[in-house]
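Engineer: Next one to model:
(chains A, B, C and D)
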Protein chains: 2
Amino acid sequence: MTTILTVDAVLLTLVEDELHVALFKRQNAPFKGLWALPGGYVHEREDDHAGSAAARVLKEKAAVASPYLEEYGTFSGPGRDPRGWSLTVVYYALVPAHVMGEAVTLFPVARLPALPFDHAEIIASVVTRVRNKAAYSSLPVFLCDEQFTIPELHAVYEAVLAEPLNLPNFRRKLDDLGILEEIPGATRLTGRNRPAQLYRIKKQFRSLLSVRDRGL
Amino acid sequence: MTTILTVDAVLLTLVEDELHVALFKRQNAPFKGLWALPGGYVHEREDDHAGSAAARVLKEKAAVASPYLEEYGTFSGPGRDPRGWSLTVVYYALVPAHVMGEAVTLFPVARLPALPFDHAEIIASVVTRVRNKAAYSSLPVFLCDEQFTIPELHAVYEAVLAEPLNLPNFRRKLDDLGILEEIPGATRLTGRNRPAQLYRIKKQFRSLLSVRDRGL
DNA sequence: TCAATAGTGTCTATAAGACACTATGCC
DNA sequence: GGCATAGTGTCTTATAGACACTATTGA
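Structural biologist: Just a heads-up that it's a prediction; the model follows:
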């Protein structure tokens, strides 16, 4: 029983309308010095379950307490780690860029450096999942700040999905979802035009995902 | 590093329009003698990844080579196994009842015996997932034989979803999905009425899932 | 010919999307 | 007032679902 059990976290954010992933330089062998996903062993004393280990890793390495952390799945096999048969439980989190600590380095998911293990495959899989989920759920709101305007959120969706969305219809569907609430009196001004109403996620949806029957 | 790493399989089938799960009497401690999900350790020599271990377990215990085997997720923590901190990767499979070996015992998912570990929670979670997926995908076809009629498949969907579906519309949507092909000339007669055309899944969808945008 | 279920065609209700229009800020 | 973006209303089109109708078998 020398099986290696780890967790890895794919921490995603949006920088200039492009999805980025947080990577860290590995301090130890194997692959010392390469950029890699934050991850590590489960600590039996501290971690209540694998998800707690992922949350701990994010906190320790990226100074992030993500409100949205979900299991993606496992990657395992004899070849992915030179030390032996290994299994990693992959989690993913979405956060606004500015909440991350100094230590993180962000890379656009479309232009990654050389990565150890199967981290490139892991990131690609997670990004695909996130794009799919974005199309029929509220997932992308976790890329926004606590307060945001509808046009801002609209831009986030367009960036994640990489396709244009009709703004008036987008508005209506968000309204149908019922996960946002107006912040009374609060608006944001971005040009010499009408200021936009600020919204926030309703408390009961803070760490949740709302799903639509149909498309987004 | 005494972490216990296992896989467990939730093998589902339909008996008399009711979802059943395959359970086995545990031969070893802990919980020897209790009904439990088929599962076990990963064998580093044989298993290419965790999914292979699940497939091997199903073959060994249930004599089933399921065409559809998917990872559900992990269950882990210090309390679920009396031997220590443990993590299990849960897989689920759907098969027609008659392909299973003699050794399996089927229980309706709504009336399970006392189960060890967190197997009751695991089964409940998987059943919920399967019901959800059934509503917008071709998942339930894997509960049918290789050859089946549309009315038969219709009954399977109604059983899994536990709600009536309009048969003519069901037919049209299946047609839209495009995963079935007629078996020319083959029909099945079930009463003194018009016989029904037999269908099978197109080869390219044999171990795949087709998903509809909207509901099923 | 009747009963029963297979299978087709059509109508209606609803939801998605396109787009014109109004609102409100700064200059 | 002009311009730019926020936000609303309405029309069109696609899809889902209800349901009437035809088809084909055994008795």
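
Engineer: Averaged pLDDT, stretch A:67-77. What do you get?
Structural biologist: The pLDDT scores in stretch A:67-77 average 96.

Engineer: One more: stretch A:95-107?
Structural biologist: 93.

Engineer: Need the contact partners of it.
Structural biologist: A:11-15, A:20-25, A:35, A:61-64, A:66, A:68, A:113, A:142-145 (Cβ atoms under 8 Å, 6 or more residues apart in numbering or on different chains). Any C-beta I mention is one placed from the backbone N, CA and C, and that applies to glycine too.

Engineer: In strands, which of those appear?
Structural biologist: Judged by DSSP state E, the subset of the contacts of stretch A:95-107 located in strands is A:11-15, A:20-25, A:35.

Engineer: Next, give me the two most distant ones among these.
Structural biologist: Farthest pair in those (Cβ to Cβ) is A:14 and A:25. Separation: 22.9 Å.

Engineer: So for these two, which sits in the more crowded spot?
Structural biologist: Comparing residue A:14 with residue A:25 by neighbour count (other Cβ atoms under 10 Å in any protein chain shown), the higher total belongs to residue A:14, at 20 against 11.

Engineer: Make sure the more buried one is actually in contact with residue A:141.
Structural biologist: No: the pair formed by residue A:14 and residue A:141 falls short of the contact definition of Cβ atoms under 8 Å, at 11.6 Å.

Engineer: shared neighbours of the two, which are they?
Structural biologist: Taking Cβ under 8 Å, 6+ apart as the contact rule, the neighbours common to residue A:14 and residue A:141 are residue A:156.

Engineer: Return the residues of chain A in contact with DNA strand D.
Structural biologist: Applying Cβ under 7 Å from any atom of the strand, we find that chain A lies next to DNA strand D at A:149-151, A:167-169, A:171, A:187, A:190-197.

Engineer: Quick check: of those, which has the highest neighbour count?
Structural biologist: Neighbour counts for these were taken using other Cβ under 10 Å; the highest belongs to residue A:149, with 19 neighbours.

Engineer: Could I get the contacting residues of that residue?
Structural biologist: When contacts are taken as Cβ under 8 Å, 6+ apart, residue A:149 is in contact with A:187-188, A:196-199.

Engineer: Let's see that with 6 Å instead.
Structural biologist: With contacts defined as Cβ atoms under 6 Å, 6 or more residues apart in numbering or on different chains, the neighbours of residue A:149 are A:188, A:196, A:198.

Engineer: Give me the contact status of the helix ranked longest in chain A with chain B.
Structural biologist: Determined from DSSP state H, the single longest helix within chain A is helix A:119-134. No: for helix A:119-134, no contact with chain B is found by Cβ under 6 Å from any Cβ of the partner chain; the gap never falls below 9.7 Å.

Engineer: quick one: buried residues of that helix?
Structural biologist: Along helix A:119-134, these residues count as buried under the neighbour rule (16 or more other Cβ atoms under 10 Å in any protein chain shown): A:119, A:122-123, A:125-127, A:129-130, A:133-134.

Engineer: same deal with stretch A:105-123?
Structural biologist: For stretch A:105-123, burial by neighbour count (16+ other Cβ under 10 Å) applies to A:106-107, A:109, A:115-119, A:122-123.

Engineer: Closest one of those residues to DNA strand C?
Structural biologist: residue A:109 (24.9 Å; Cβ to the nearest atom of the strand).

Engineer: correct me, but the closest one touches residue A:22?
Structural biologist: No: Residue A:109 lies out of contact with residue A:22 (Cβ atoms under 6 Å); the separation is 10.8 Å.

Engineer: For the residue most central in space within chain A, list the residues it contacts.
Structural biologist: The centroid of chain A falls nearest to residue A:94 when counting by Cα atoms, centre = their mean (2.3 Å). Contact criterion Cβ under 6 Å, 6+ apart gives A:12, A:68, A:142-143 as the residues in contact with residue A:94.
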